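Enquirer: all I have is the shape, not the residue letters:
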């Protein structure tokens with residue numbers, strides 16, 4: 001090989017090595033840049049994932065918080081602040097300069113009575129006792145006659161509900177739902193045949209609150225009343241009593257008695273419920289058992305604790321129970337009362353023919369009483385069935401219907 005050829009070959013190899021070295025450097029730079037970029041990309045991705053995780057956790061926490069909020073069924077599609085879950089029986093003006101009634105913030109109680117026109121005079125005296133800013137009054141007209149009450153000064157200030165031949169408990173179940181009457185501190189659910197000469201409702205409630213009574217009734221004047229159960233009879237030197245004593249007969253009551261009718265019991269003609277007690281009692285009223293017989297023995301379960309302390313009879317404010325049998329007795333013009341356009345003046349000559357005879361009145365009354373006994377048996381069976389089926393319910397009193405009162 002000549003020197004020229006050797007020199008050319010060496011130059012060629014030198015160029016090749018230089019080219020390879022350049023390619024290696026370029027490749028190293030590219031790899032370095034890729035690796036560096038990957039590191040930064042990986043860190044940024046991790047940071048993003050981390051941020052997404054935090055956001056996701058926050059969103060989940062907010063979602064769980066919202067799910068845990070107690071919302072009324074059917075209101076889930078609405079913002080919580082616009083939902084109104086309760087109401088009241090207060091009448092509102094069609095127009096007014098101010099939105100708020102001056103007495104709207106005042107604590108009130110509710111008087112609800114089932115009434116018939118024949119007891120108009122007695123009812124008038126009762127309502128006048130409750131006619132103040134402290135009470136709302138609601139009348140359930142079981143004879144269908146409403147207009148004949150309009151001449152009373154308070155008629156336009158009370159709520160009138162009419163349904164022919166329905167009982168107080170039928171009305172109460174349908175028109176006194178706890179969410180409707182939640183605003184009222186106490187509920188007086190009374191019959192119409194009560195004398196209130198010696199009764200003051202505000203003083204009565206003061207005593208009830210002082211004594212911690214969740215379910216109560218005013219005592220009956222034994223000298224002027226039809227007393228069905230001795231525990232309701234007034235004790236002249238007492239403010240409140242919670243038990244009665246009976247030392248003869250099959251069902252004795254003494255200081256060791258722990259169950260109705262010896263203790264923790266009121267009669268159904270004039271019960272008074274606290275707001276919480278009524279919410280419980282309303283659920284126990286059966287839709288189809290309109291006489292509510294048997295309910296009285298179980299009301300103690302709604303006494304918000306110990307029925308021997310929270311259920312009682314107030315002696316200091318007492319009433320008279322006239323014992324007028326009205327259920328099953330048709331009013332003389334009941335036919336007219338249910339027919340639109342026919343007045344109570346008796347211009348129809350055949351209206352007298354619709355009035356029942358005395359024998360029919362007695363027969364109707366007996367049928368009502370018979371139905372009451374039937375309903376009591378049905379209620380007792382339903383209670384026993386409910387107790388046996390509800391494995392989560394614990395009886396705080398551990399006493400069956402048929403167990404002794406001791």
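Expert: Perfect, I can see it now. None of the values given here were measured: they were computed from a predicted structure.
Enquirer: where along this protein do the helices fall?
Expert: 3-68, 120-130, 168-175, 201-211, 275-284, 295-298, 307-310, 334-337, 358-389 (DSSP state H).
Enquirer: comparing these, which yields the minimum mean pLDDT?
Expert: Mean pLDDT values for the helices of the chain show the minimum at helix 334-337, a mean of 43.
Enquirer: just give me the neighbour total for the closest residue to residue 207 other than its chain neighbours.
Expert: Residue nearest to residue 207 in three dimensions, not counting chain neighbours: residue 314, with 5.5 Å by Cβ to Cβ, 6 or more residues apart in numbering. C-beta coordinates here come from the backbone N, C-alpha and C atoms, glycine included. A count of neighbours around residue 314, defined by other Cβ atoms under 10 Å, yields 26.
Enquirer: for residue 314, give me the pLDDT.
Expert: Predicted confidence (pLDDT) for residue 314: 98.
Enquirer: please name the bridge partners of it.
Expert: residue 218, residue 240 (DSSP bridges).
Enquirer: which residues touch it?
Expert: The contact partners of residue 314, by Cβ atoms under 8 Å, 6 or more residues apart in numbering, come to 204, 207, 208, 211, 213, 216, 217, 218, 219, 239, 240.
Enquirer: now with 10 Å, please.
Expert: Shown in contact with residue 314 (Cβ atoms under 10 Å, 6 or more residues apart in numbering): 199, 203-205, 207-208, 211, 213, 216-219, 234, 238-241, 266, 272.
Enquirer: cool, and residue 310?
Expert: Residue 310 makes contacts with 211-216, 242, 264, 274, 277, 300, 302-304, as judged by Cβ under 10 Å, 6+ apart.
Enquirer: go with 7 Å
Expert: The neighbourhood of residue 310, defined by Cβ atoms under 7 Å, 6 or more residues apart in numbering, consists of 212, 213, 214, 215, 303, 304.
Enquirer: with residue 282 instead?
Expert: Taking Cβ under 7 Å, 6+ apart, one finds 176, 177, 178 in contact with residue 282.
Enquirer: check contacts around the first one.
Expert: So the one you mean is residue 176. Going by Cβ under 7 Å, 6+ apart, the list of residues near residue 176 reads 112, 282.
Enquirer: what of the second one?
Expert: Shown here is residue 177, whose contacts under the criterion Cβ under 7 Å, 6+ apart are residue 282.
Enquirer: please tell me how far it sits from residue 88.
Expert: 12 Å (Cβ to Cβ, to the nearest Å).
Enquirer: need the residues touching each of those two.
Expert: By Cβ under 7 Å, 6+ apart, no residue touches both residue 177 and residue 88.
Enquirer: which stretches of the stretch 101-250 of the chain have low pLDDT?
Expert: 101-105 (pLDDT under 70).
Enquirer: how about the most centrally placed residue in the chain: what's its closest non-neighbour residue?
Expert: The residue lying closest to the centre of the chain (Cα atoms, centre = their mean) is residue 178, at 2.4 Å. Sequence neighbours aside, residue 279 is the residue nearest to residue 178 in space, at 4.0 Å (criterion: Cβ to Cβ, 6+ apart).
Enquirer: next, count neighbours for the one you found.
Expert: Neighbour tally, residue 279, other Cβ under 10 Å: 17.
Enquirer: so who does residue 379 touch?
Expert: Contacts of residue 379 by Cβ under 7 Å, 6+ apart are 286, 289, 293, 294, 295.
Enquirer: can you redo those as CSV with neighbour count and distance to residue 143?
Expert: CSV is the format used below for the contacts of residue 379 (neighbours: other Cβ atoms under 10 Å; distance: Cβ to Cβ, whole Å):
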residue, neighbour count, distance to residue 143
286, 16, 24
289, 22, 22
293, 21, 22
294, 21, 26
295, 21, 24
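Enquirer: can you pick out the most distant pair from those residues?
Expert: Greatest spatial distance among these (Cβ to Cβ): 286 and 293, at 10.6 Å.
Enquirer: can you tell me the closest non-neighbouring residue to residue 165?
Expert: With Cβ to Cβ, 6+ apart, the residue lying closest to residue 165 is residue 142, at 6.3 Å.
Enquirer: what is the burial count for that neighbour?
Expert: Counted with other Cβ under 10 Å, residue 142 comes out at 23.
Enquirer: now do the one 4 residues further on
Expert: Around residue 146 there are 16 other residues, counting by other Cβ under 10 Å.
Enquirer: what do you get for the one 10 residues further on?
Expert: By other Cβ under 10 Å, the residues close to residue 156 number 10.
Enquirer: leaving out chain neighbours, which residue sits closest to it?
Expert: residue 150 (7.7 Å).
Enquirer: ok, the one you found to residue 94 distance?
Expert: From residue 150 to residue 94 the distance is 20 Å (Cβ to Cβ).
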